[in-house]
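Chemist: sequence and predicted structure, then a few things I'm wondering about:
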Amino acid sequence: MLWLTVASGFAVVAGPQTRARMAGVMAVYVPTAVVHGYALLAALVR
């Protein structure tokens, strides 16, 4: 969860364009990470 803190700190320092690009990356990456985490959890439980 440290990368999230670093990312938000960077987003504050960065300009609006960079922030928008980062938001786009997050919008793609976060759901993927959640799905992968859920799939991994399901595989471990099974």
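Modeler: Sure, I can see it. Numbers count the residues shown, from 1 in each chain.

Chemist: now the one helix or strand Val12 maps to: average pLDDT?
Modeler: Val12 belongs to helix 2-13 when assigned by DSSP states H and E. Averaged over helix 2-13, pLDDT sits at 73.

Chemist: and Ala23, how many neighbours?
Modeler: 10 (other Cβ atoms under 10 Å). C-beta here means a position set from N, CA and C on the backbone, and glycine is covered the same way.

Chemist: actually Ser8, not the one I typed
Modeler: Neighbour tally, Ser8, other Cβ under 10 Å: 10.

Chemist: repeat for Gln17
Modeler: Neighbours around Gln17, by other Cβ under 10 Å: 8.

Chemist: helix or strand: which one has it?
Modeler: Per DSSP H and E: helix 16-45 holds Gln17.

Chemist: for that helix, packing partners?
Modeler: helix 2-13 (3 or more Cβ pairs under 8 Å, 6 or more residues apart in numbering; DSSP states H and E).

Chemist: what's the angle between the helix it packs on and helix 16-45?
Modeler: Angle of helix 2-13 versus helix 16-45, following axes from the mean of the first three to the mean of the last three Cα atoms, to 10 degrees, is 170 degrees.

Chemist: list the contacts of helix 2-13.
Modeler: Thr18, Arg19, Met22, Met26 (Cβ atoms under 8 Å, 6 or more residues apart in numbering).

Chemist: let's go with 6 Å and repeat that
Modeler: Arg19, Met22 (Cβ atoms under 6 Å, 6 or more residues apart in numbering).

Chemist: can you give me the buried ones in it?
Modeler: Buried positions in helix 2-13, judged by neighbour count with 16 or more other Cβ atoms under 10 Å: Ala11.

Chemist: please consider this matter closed, and thank you.
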